[in-house]
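>>> Based on what follows, work out the 3D shape:
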Amino acid sequence: MRINWTRAMLAGLLGTGAMTAVGLWVAPVMGMPRMNPAAVLAGAMGGSAVLGWLGHLMIGIVLALLYATVAPRLPGAPWMRGALFGLGPWVLTQLVVMPMMGVPKFSGSVAAAIGSLIGHLVYGAVLGAAYGTGAVAVAGRRAVA
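Just a heads-up that it's a prediction; the model follows:
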């Protein structure tokens with residue numbers, strides 16, 4: 001298995017951007033609370049918006065690097081593997097991260113928890129689609145990573 005780390009990082013940025021767009025602009029249109037993960041992180045890190053955004057983007061990249069290592073073991077098309085992967089960070093966020101930041105488990109409401117789930121599924125699907133099958137050229141032939 002060969003991992004394309006650069007592609008994984010770029011896919012992580014794309015997935016993070018898509019997830020953020022869903023939280024900021026799509027969720028409110030669907031009647032869900034507006035969700036800004038960077039603002040939540042900023043609040044947990046002393047209120048700095050810059051630190052919140054850097055933290056949000058870095059988490060997306062680190063998760064994408066983890067995804068690149070487990071993707072070949074997941075079933076389905078690349079976008080489906082990514083969406084399945086997105087369930088893990090969602091559960092971790094809802095049961096561990098949110099309570100650490102003073103927010104109740106499952107974001108304190110069904111609507112917020114579902115919105116977060118949708119965001120994580122979108123993150124994963126975009127991540128998976130952008131990372132693709134992981135096929136990379138190796139010495140003139142294709143190898144699946």
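>>> hey, let's count contacts and neighbours off CA atoms from now on
Will do.
>>> so where does Phe85 fall, helix or strand?
Here Phe85 is covered by helix 78-92, with elements defined by DSSP states H and E.
>>> for Thr20, that is, sorry about that
helix 5-21.
>>> cool, and Ile3?
Here Ile3 is assigned to no helix or strand, by DSSP H and E.
>>> so it makes contact with Val70?
No. At 10.1 Å, Ile3 does not count as touching Val70 under the criterion of Cα atoms under 8 Å.
>>> Check which helices and strands the helix holding Phe85 is in contact with.
helix 110-131 (3 or more Cα pairs under 8 Å, 6 or more residues apart in numbering; DSSP states H and E).
>>> Give me the residues contacting the helix it packs on.
Contacting residues not belonging to helix 110-131 are listed as 7-8, 11-12, 14-20, 22-23, 27, 32-33, 35, 64, 68, 78-87, 89-90, 94, 106-107 [Cα atoms under 8 Å, 6 or more residues apart in numbering].
>>> tell me how far it is from the chain's mean position?
When distances are taken as Cα atoms, centre = their mean, to the nearest Å, helix 110-131 is centred 7 Å away from the chain's centroid.
>>> Could you check the angle that helix makes with helix 78-92?
140 degrees (axes from the mean of the first three to the mean of the last three Cα atoms, to 10 degrees).
>>> Quick check: closest non-adjacent residue to the residue nearest the centre of the chain.
Centroid-nearest residue in the chain: Tyr123, 4.1 Å away (criterion: Cα atoms, centre = their mean). Closest residue to Tyr123 apart from its sequence neighbours, by Cα to Cα, 6 or more residues apart in numbering: Gly15 at 4.3 Å.
>>> Could you do Leu41 as well?
Gly52 (4.8 Å).
>>> Report the buried residues of the helix or strand containing that neighbour.
If you go by DSSP H and E, Gly52 is part of helix 49-70. Across helix 49-70, burial judged by 16 or more other Cα atoms under 10 Å covers 49, 51-53, 55-58, 60-61, 63-65, 67-69.
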